[in-house]
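Novice: Could you work out the structure for the sequence below:
(chains A and B)
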Protein chains: 2
Amino acid sequence: MNNVIELLKSHTSVRKFKEKMIDDQLLKEIIQASQYASTSNHVQAYTIIRVNDQDKKRTLAKLSGNQPYVEECPVFLVFCADLNRLEKACSINNETIESSSTEIFIMATVDTALIAQNIMIAAESAGLGGVYIGGIRNNPQDVCDLLQIPHHVYPVFGMCLGYPEKINATKPRLPLSLILKEDIYSTDGDEKHLKEYDDLISNYYKERTNNKRSNTWTEGITAFLKEKQRPHMKEFLHSKGFEMK
Amino acid sequence: MNNVIELLKSHTSVRKFKEKMIDDQLLKEIIQASQYASTSNHVQAYTIIRVNDQDKKRTLAKLSGNQPYVEECPVFLVFCADLNRLEKACSINNETIESSSTEIFIMATVDTALIAQNIMIAAESAGLGGVYIGGIRNNPQDVCDLLQIPHHVYPVFGMCLGYPEKINATKPRLPLSLILKEDIYSTDGDEKHLKEYDDLISNYYKERTNNKRSNTWTEGITAFLKEKQRPHMKEFLHSKGFEMK
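Specialist: Prediction:
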């Protein structure tokens, strides 16, 4: 196993950071290297907003569902899927194009995720750690107002980065048999493997140092999906000009 | 700069592969390591279908817009966003939950992209190369029929992997000033930087060995967006039970 594969296998979310700042040059190097992620038709349909202002970070911590590390982390990034720049590119060529559609929404969202994952890995390779903040979608319109995010741009998630104060143990993932299929999407054996994974996760939760509990993976998923997650997203995206045509 | 950051900076899509097969154990190691990618609320809402059957690969090459490398590559993976497993998890706990919504669609699509990018990087770290195949969304219903992809699962993209026969030069990315903003989404200077990038890309296209051309980035984007991209996606997703509620 090479050191990159080792690095990927060691990923855990980091929510407690040392006070040490990230050197600007290092952050720049990480982001520029990460831009080489694949991008559909070279559209590069993303913009990253680095939030330095402490008041803004405090507000974002609240808007994300009271996640204090959003305020405390040395670097907080908001990853946006961006069609605004694409439309500007068209207008430079004297074309007025309404780019929004379900397909372009997928394209921009995937582009944004790919560069973000590169940034997470590059950061970890440099001794940093971080966590994705999906909570940025809890109150996305307020986030847009705060960061002056324009039409045809939406915040997909945030990311805290910094030097880890504390590194958690990795959390067991689904067995390969469940997530990797051969030639067809077969569900043979899935129920058995889900039950085995439930036992594994339940033991993991019982044995870990902090936040001990005993629920299984399927129980966690059930509890999660019983709550309607962020039901405002359709309307919010519509208001930002992301038409699911 | 460390070797991980070097690796990220060297990424280019690989479409010509040696005949050498990828060792099964290595592929397994790559995918299992990649599963440690962040996942929203630990949902791990993805399934990867490895296509071994040569007839299926040939069909997928055609369905993806006649991309021969889909057929020729040693390993072809289809990455699916998967709510089917989540609903099964609920049914194990005697809950019938209709999980589909705009938010859950984003969550599953992002989850899928994050593990895929880990796989790309892990593969590259092991001397492999590859390319994302967005063309899997050209005829997504046919892809679903071929691979027996069920309701509440959709193919987001494919990925060819193998040992590179030929490695292209990297393609210049947008300048950092365009994609990284501080505290607010400001567009000051964007037009100037877009023009500089247009010159850079135009020179890159003129000078590269293969497929020489001279168009700028903004011209490429304009030509791309003038064509309505995959207008069937809304209806297709609807038919697969992805309701944009």
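
Novice: so where's chain A shaky on pLDDT?
Specialist: A:209 (pLDDT under 70).

Novice: Now for the residue nearest to residue A:183 when sequence neighbours are not counted, how many residues are close by?
Specialist: Here the nearest residue to residue A:183 in space, its sequence neighbours aside, is residue B:53; by Cβ to Cβ, 6 or more residues apart in numbering or on different chains that works out to 5.1 Å. Quick note: C-beta positions are derived from backbone N, CA and C, even for glycine. Around residue B:53 there are 15 other residues, counting by other Cβ atoms under 10 Å in any protein chain shown.

Novice: Give the buried residues for stretch A:12-24.
Specialist: Buried positions in stretch A:12-24, judged by neighbour count with 16 or more other Cβ atoms under 10 Å in any protein chain shown: A:12-15, A:17, A:22.

Novice: Also stretch A:47-58?
Specialist: Within stretch A:47-58, the residues that qualify as buried are A:47-51, A:56-57, counting by 16+ other Cβ under 10 Å.

Novice: Any idea how far apart the tips of that stretch sit?
Specialist: Chord length of stretch A:47-58, first to last residue, is 21 Å (Cα to Cα, to the nearest Å).

Novice: With stretch A:62-75 instead?
Specialist: Stretch A:62-75 has an end-to-end distance of 17 Å (criterion: Cα to Cα).

Novice: ok now it, how far from the chain's centre?
Specialist: Here stretch A:62-75 is found 14 Å from its chain centre; the criterion is Cα atoms, centre = their mean, to the nearest Å.

Novice: Next: stretch A:87-103.
Specialist: In terms of Cα atoms, centre = their mean, the centre of stretch A:87-103 is set 26 Å apart from its chain centre.

Novice: list the buried ones in it?
Specialist: Counting neighbours by 16+ other Cβ under 10 Å, one finds that the buried residues in stretch A:87-103 are A:87-90, A:92-93, A:95, A:97, A:99-103.

Novice: Most widely separated two among those residues?
Specialist: Distances among these were taken as Cβ to Cβ; the most separated pair is A:92 and A:102, at 25.8 Å.

Novice: For chain A, identify the residue most remote from the centre.
Specialist: With distances taken from the mean C-alpha point of chain A and given as Cα atoms, centre = their mean, the most distant residue is residue A:94, at 34.9 Å.

Novice: From chain B, how far out is it?
Specialist: Using Cβ to the nearest Cβ, to the nearest Å, one obtains 9 Å as the distance from residue A:94 to chain B.

Novice: Kindly list the main-chain dihedrals of that residue?
Specialist: With angles defined as degrees, to the nearest 10, residue A:94 shows backbone torsions of phi 60, psi 30.

Novice: What ranges does chain A have for its strands?
Specialist: The residue ranges that make up the strands of chain A, judged by DSSP state E, are A:46-51, A:75-82, A:129-133, A:153-162, A:180-182.

Novice: strands paired with the last one, and their directions?
Specialist: In this case it means strand A:180-182. In its sheet, strand A:180-182 lies beside strand B:46-51 (parallel), with partners assigned from DSSP bridges.

Novice: Name the residues that touch the strand it pairs with?
Specialist: Among residues not part of strand B:46-51, those counted as contacts by Cβ atoms under 8 Å, 6 or more residues apart in numbering or on different chains are A:178-185, B:27, B:31, B:57, B:60, B:75-82, B:84-85, B:108, B:111-112, B:115, B:147, B:149, B:153.

Novice: of those residues, buried ones?
Specialist: Neighbour counting with 16+ other Cβ under 10 Å marks A:178-181, A:185, B:27, B:31, B:57, B:60, B:75-82, B:84-85, B:108, B:111-112, B:115, B:147, B:149, B:153 as buried within the contacts of strand B:46-51.

Novice: thinking again about what came up before, got a list of what the residue farthest from the centre of chain A touches?
Specialist: Applying Cβ under 8 Å, 6+ apart to residue A:94 gives no contacts.

Novice: Having no further points to raise, I will conclude here.
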